[in-house]
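> here are the coordinates; sequence isn't available:
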DNA sequence: ATAATACTTTACAATAATTCCAACTTATGC
DNA sequence: GCATAAGTTGGAATTATTGTAAAGTATTAT
Ligand SMILES: [Mn+2]
Ligand SMILES: [Mn+2]
Ligand SMILES: [Zn+2]
Ligand SMILES: [Zn+2]
């Protein structure tokens, strides 16, 4: 189920030039549930697309984010992580290995009055932190 | 109501050397509700404490965080922000000016089964994003 | 098709945040 | 007071990310 390749030109006002490097990046991102960092994207894509430049990766990520086709996550303290799934959902991050997993359950979090009164709220994101299954097991063992 | 200076030596296993530079940093942080960045802390503290080094600020922040006396926020995409209020609470960040404000309302967010089953959840943080009152007004005007 | 135009890519330089380091300095327990 | 583990410092080093200018390419208008 392609979610990126199609919309690339579909929505109005969102058309971008279809360059092979972008297609390669889209292709890597499409359906990717690992919330990769720019570096991971670069590493993977440049393996198949020799001349890929780091700047192109960043450019593309910024362009996609700007057009609302990609979500930039700030949940990892070390680097930005990217999520091709732009539907509203939440995340869990492992404090040990930094794995990020989706939380697609609908969490109803009402915006508190104190904020709603004078702020403009455009997004609500819940981040759960802790240990992923494997790190949890590893910690228990030793 | 001092929240930092006292606990500094109070809780067992949390004792740290009381150096003047640390006290200066604690003092700045104590009761601070601005969620400052390392640089803001450095700028302010070094004004009164001449020889303060950036490394010391980072060292101290890391030490405090490690001892659970300070919370490191990853909500700002550009830099880490620090919160001396370690009681569980949530945040709103302005997408325009990066102001972070506390949300002390008790938001009941149950951990979804899909996560609770095999992960170990140690924290839940809700981040609201949008425009703060002044940025909201400014945007409306022009 | 062709050419003009605007947008992209690339290699590399430049920033910016944060960490590392090695030589001093100091707080603290005895 | 002294020993010493812990902390401080300036500067170098690292890492993530952004900027740049020249060269390349897709798209648009002829
Ligand atoms: Mn996700
Ligand atoms: Mn706070
Ligand atoms: Zn893990
Ligand atoms: Zn604002």
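That came through, no problem. Computed from a predicted structure; not experimentally measured. Ligands and ions are numbered 1, 2, ... in the order given.

> for chain A, what spans make up the strands?
Along chain A, counting by DSSP state E, strands occupy A:71-73, A:81-83, A:90-94, A:100-103, A:120-131.

> wait, which of these is closest to chain B?
Chain B sits nearest to strand A:120-131 of all the strands of chain A, at 4.2 Å, using Cβ to the nearest Cβ. (Each C-beta comes from the backbone N, C-alpha and C, glycine too.)

> That closest one and ligand 3 in contact?
No - Strand A:120-131 is not in contact with ligand 3 by Cβ under 5 Å from the ion; minimum separation 5.8 Å.

> quick one: that strand near ligand 1?
No - Strand A:120-131 stays out of contact with ligand 1 when judged by Cβ under 5 Å from the ion, the minimum separation being 10.1 Å.

> Could you chop chain A up by domain?
Domain ranges of chain A: A:5-83, A:90-141, per automatic domain parsing.

> quick one: the last one to chain centroid distance?
To tie it back to what came earlier, the one meant is domain A:90-141. Remark: domain A:90-141 is offset 14 Å from the chain centroid, using Cα atoms, centre = their mean, to the nearest Å.

> how about whichever helix in chain A runs longest: buried residues?
Secondary structure of chain A per DSSP state H: the longest helix is helix A:54-66. The neighbour-count check on helix A:54-66 (16 or more other Cβ atoms under 10 Å in any protein chain shown) flags A:56, A:57, A:60, A:61, A:64 as buried.

> residue contacts, the last one?
By that I understand residue A:64. The contact partners of residue A:64, taken as Cβ atoms under 8 Å, 6 or more residues apart in numbering or on different chains, are A:29, A:70.

> Does residue A:63 touch residue A:17 like I think?
No - applying Cβ atoms under 8 Å, one finds residue A:63 not in contact with residue A:17, separated by 9.7 Å.

> As a check, name the ranges of all helices in chain A.
Using DSSP H, helices in chain A cover A:7-10, A:20-29, A:38-48, A:54-66, A:113-116, A:133-141.

> mind putting those in CSV, mean pLDDT and distance to ligand 3 included?
Listed next are the helices of chain A as CSV, based on pLDDT from 0 to 100; distance: least, Cβ to the ion, whole Å:
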stretch, mean pLDDT, distance to ligand 3
helix A:7-10, 39, 32
helix A:20-29, 95, 22
helix A:38-48, 96, 16
helix A:54-66, 96, 24
helix A:113-116, 95, 32
helix A:133-141, 91, 3
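
> what does chain A put close to chain B?
Residues of chain A found near chain B (Cβ under 8 Å from any Cβ of the partner chain) are A:72, A:74-77, A:80, A:92, A:94-95, A:101, A:103-105, A:107, A:109-115, A:118-133, A:136.

> Kindly write the PyMOL command that selects the buried subset of the residues you listed.
Buried residues among these (16+ other Cβ under 10 Å), as a PyMOL selection:
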select buried, chain A and resi 74+75+76+80+92+94+101+103+107+111+112+115+119+120+124+125+126+127+128+129+130+131+132
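
> filter the residues of chain A next to chain B by proximity to DNA strand D?
residue A:80 (Cβ under 7 Å from any atom of the strand).

> Ignoring the adjacent residues along the chain, who's closest to residue A:118?
For residue A:118, ignoring the flanking residues on the chain, the nearest one in space by Cβ to Cβ, 6 or more residues apart in numbering or on different chains is residue B:133 at 4.4 Å.

> Touching, the one you found and residue A:121? I think so.
No - the pair residue B:133 / residue A:121 is not scored as a contact, 11.9 Å apart, by Cβ under 8 Å.

> ok now stretch A:36-56, how far from the chain's centre?
For stretch A:36-56 - counting by Cα atoms, centre = their mean - the centre lies 16 Å from the chain centre.

> since we're on residue A:78, how many residues are nearby?
9 (other Cβ atoms under 10 Å in any protein chain shown).

> for it, what are its contacts?
Counting by Cβ under 8 Å, 6+ apart, residue A:78 has contacts residue A:98.

> What does the pLDDT read for it?
On pLDDT, residue A:78 comes in at 97.
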